[in-house]
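Participant: Predicted structure and sequence below. I'll ask about it afterward.
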Amino acid sequence: MKIAVCVKQVPNSQDKGMDFQTGNLDRKILGVTTNPYDLVAVETALRVKEHLTDSRLDVFTMGPTRAEKTIRECYALGADGGYLISDKAFSGSDVLATAYTIAKSIEGVDDYDLIICGKQTTDGDTGQVGASISVRLDIPYIGNVVEIVKVNQDYVIVKQDLGTKVQTVKCPLPCLMAVEKDIYVPRLASLKLKIQAKKKEVFPLRFNDNYDQNSIGAKGSPTKVRKVYTKKVTEKSNVLNVSVKDAKKIIYDGLGIKNDEK
Ligand code: FAD
């Protein structure tokens, strides 16, 4: 089984590096870390890899060259190969362009059976990249995965938490799934792998003819950030000591939603 995991390096904090004039984050002045939800995705992949012998796990990171650190972190956890998608041509990418670039990169490396993404990132936070990659690769997408019931070379059976119910789905491979944060607790890196990780090769993926230049970077990004601001709190809040049932009624009434249960 060939498994790919998409892992993003994210800023430690959004607050200090926000340029309110341009609406962009000044990523140079921020500390960075690996998106915690993506470590859950890596853990999920490691468990599949351990379950199915002869499996391989590669990680893909799109970001500046310093995102190499995130790949080494994944090596220390047990990833076999790490691809750093980094080029000036890719900068300024919104969700659409990011997903396109990651999909093209994955496609260019191998035919993966299973691609795993995190639930969302802690910076952009849209939770759209995974589904968008699957569209670009023309493979099925399973979101909100909370449990892997069965996995083999041909299909996966997983449980999806849809908010109102948990449903079990069987999906042929290849497919892409986005895992929820509680599916597994990420393991700690072993000392042996940590030492090996320092020496392992990280494979750079730069802009080339495989990428359509109109679909990448700022050119391929239709999103326009009009304004970024912190909302001023002007109204005083009311604390209501009411039952859950009454609270529900107040909320539904406030939103003008009809609720048969009230
Ligand atoms: P989500 O959809 O929340 O992520 C879901 C999952 O997808 C993650 O858990 C992970 O598994 C995977 N994933 C997401 N992003 C990556 C990644 N980069 N690498 C690997 N896996 C990933 N960001 C920049 O860093 N540089 C820029 O120059 C830049 N310019 C932007 C310009 C505009 C106009 C806009 C709107 C955004 C820009 N961004 C930039 C932000 C960037 O578009 C988003 O961070 C990116 O699309 C990912 O979206 P998200 O963070 O909401 O991911």
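Facilitator: It's in. Residues are numbered from 1 along each chain as shown.
Participant: quick one: contacts of the longest strand seen in the chain?
Facilitator: Secondary structure of the chain per DSSP state E: the longest strand is strand 141-151. For strand 141-151, the surrounding residues in contact (Cβ atoms under 8 Å, 6 or more residues apart in numbering) are 1, 44, 47-48, 51-52, 114, 119, 130-131, 134-135, 156-162, 166, 168-169, 171, 175-180, 182-183. Yep, even glycine has a C-beta here, placed from its N, CA and C like the rest.
Participant: redo that, cut-off 6 Å
Facilitator: Residues from elsewhere that reach strand 141-151 (Cβ atoms under 6 Å, 6 or more residues apart in numbering): 48, 131, 134, 157-161, 171, 176-180, 183.
Participant: okay, now the residue of the stretch 51-200 of the chain found nearest the ligand: neighbour count?
Facilitator: Going by Cβ to the nearest ligand atom, the ligand is nearest to G124 of the stretch 51-200 of the chain, at 2.1 Å. When neighbours are defined as other Cβ atoms under 10 Å, G124 has 17 of them.
Participant: And the one 5 residues further on, by the same measure?
Facilitator: Using other Cβ under 10 Å, V129 has 23 neighbouring residues.
Participant: got it, and I195?
Facilitator: Close neighbours of I195, defined as other Cβ under 10 Å, add up to 10.
Participant: Regarding it, what is its secondary structure?
Facilitator: Classification of I195 using DSSP: H, G, I helix; E, B strand; the rest coil returns helix.
Participant: If we ignore the residues flanking it in sequence, what's nearest S91?
Facilitator: Of all residues not flanking S91 in the chain, G217 sits nearest, at 5.9 Å (Cβ to Cβ, 6 or more residues apart in numbering).
Participant: Name all residues that make contact with that neighbour.
Facilitator: Applying Cβ under 6 Å, 6+ apart to G217 gives the contacts A89, F90, S91, G92, S93.
Participant: ranking the residues you listed by neighbours, who comes first?
Facilitator: Neighbour max across the contacts of G217 (other Cβ under 10 Å) = F90, 25 neighbours.
Participant: Check whether that one really touches Y100, as I assumed.
Facilitator: No. Counting by Cβ atoms under 6 Å, Y100 is not a contact partner of F90; they are 9.9 Å apart.
Participant: Can you name the residue of the stretch 151-262 of the chain nearest the ligand?
Facilitator: For the stretch 151-262 of the chain, the residue closest to the ligand is T223, as judged by Cβ to the nearest ligand atom, at 3.9 Å.
Participant: so that residue, which of the three states?
Facilitator: Per three-state DSSP, T223 ends up coil.
Participant: What score does it have for pLDDT?
Facilitator: On pLDDT, T223 comes in at 93.
Participant: what residues does the stretch 101-250 of the chain put near the ligand?
Facilitator: Applying Cβ under 6 Å from any ligand atom, we find that the stretch 101-250 of the chain lies next to the ligand at 102, 117-118, 120-121, 123-130, 221, 223, 225.
Participant: Let's see which of the residues you listed end up in strands.
Facilitator: C117.
Participant: need the contacts of G217 in a markdown table with distance to the ligand and secondary structure, can you?
Facilitator: A markdown table is the format used below for those (distance: Cβ to the nearest ligand atom, whole Å; DSSP: H, G, I helix; E, B strand; the rest coil):
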| residue | distance to the ligand | secondary structure |
| --- | --- | --- |
| A89 | 11 | helix |
| F90 | 8 | helix |
| S91 | 4 | coil |
| G92 | 4 | coil |
| S93 | 5 | coil |
